[in-house]
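Student: A structural model of the following input is requested.
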Amino acid sequence: MDLEGKKAPDFDLEGSDGKRHRLQDYKGRTVVLYFYPKDNTPGCTKEACGFRDLNKETQKAGAVVLGVSKDSIKSHEKFRDGYRLNFPLLSDPDTKTMRAYGAWGKKMMYGKEVEGTIRSTVVIGPDGKVRKHWQTVKNAEAHPEEVLEYLRAGA
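Tutor: I've put the predicted structure just below:
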């Protein structure tokens with residue numbers, strides 16, 4: 001499901017900052033919405049810390065970062081506090097938002113087909129359209145830098 005050039009699906013999710021986050025709240029801004037499988041797991045931690053370390057640069061490039069998983073707010077708060085994450089983590093327990101963005105579905109895990117979160121990222125432009133869609137992120141650790149390079153190139 002490639003979303004590039006299409007209107008980004010709306011979302012309304014609770015964040016680790018105690019606020020509700022809706023796509024319309026970010027109208028006029030560039031949003032990096034990244035989907036990850038689970039708080040406090042090795043790949044997800046490396047990816048989150050990468051976005052944390054590059055957040056000032058990402059903001060300079062005019063974008064806001066939001067992480068999304070099906071984990072609870074309590075889990076998100078522990079993850080945020082444990083790694084001093086400087087952006088909100090949004091909770092999507094019913095996977096409605098993840099499904100709308102193609103970030104939930106069948107994937108291979110340890111040689112078996114399972115249903116779960118597909119690590120992926122979208123960059124949503126100020127006009128609410130998806131500018132870039134990484135449908136499957138292969139290298140979680142290197143991905144935040146890849147996103148920043150895309151933003152710097154004039155997303």
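Student: and Glu113, how many neighbours?
Tutor: 8 (other C-beta atoms under 10 Å). All C-beta spots, glycine's among them, are computed from the backbone N, C-alpha and C.
Student: quick one: strands adjacent to the worst-scoring helix or strand of the chain on mean pLDDT?
Tutor: Within the chain, no helix or strand scores below strand 104-109, which has a mean of 85 by mean pLDDT, DSSP states H and E. Paired neighbours of strand 104-109 in the sheet (DSSP bridges): strand 112-117 (antiparallel).
Student: point out where the chain drops to low pLDDT.
Tutor: Applying pLDDT under 70 to the chain flags the ranges 155.
Student: and the strands in it?
Tutor: 12-15, 20-22, 30-35, 63-69, 89-91, 104-109, 112-117, 120-124, 130-134 (DSSP state E).
Student: quick one: closest of these to Ala48.
Tutor: strand 63-69 (6.2 Å; C-beta to C-beta).
Student: most centrally placed residue in the chain?
Tutor: Among the residues of the chain, Tyr34 comes closest to the average C-alpha position under C-alpha atoms, centre = their mean, at 1.4 Å.
Student: Throw the strands of the chain into TSV and include distance to Arg52, thanks.
Tutor: Formatted as TSV, those follow (distance: least, C-beta to C-beta, whole Å):
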stretch	distance to Arg52
strand 12-15	15
strand 20-22	18
strand 30-35	12
strand 63-69	9
strand 89-91	11
strand 104-109	24
strand 112-117	20
strand 120-124	15
strand 130-134	19
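Student: quick revisit: starting at the chain centroid, how far to the least confident helix or strand of the chain?
Tutor: Centroid displacement of strand 104-109 relative to its chain, using C-alpha atoms, centre = their mean, to the nearest Å, is 17 Å.
Student: do the same with stretch 101-109
Tutor: Relative to its chain's centre, stretch 101-109 lies at 14 Å (C-alpha atoms, centre = their mean).
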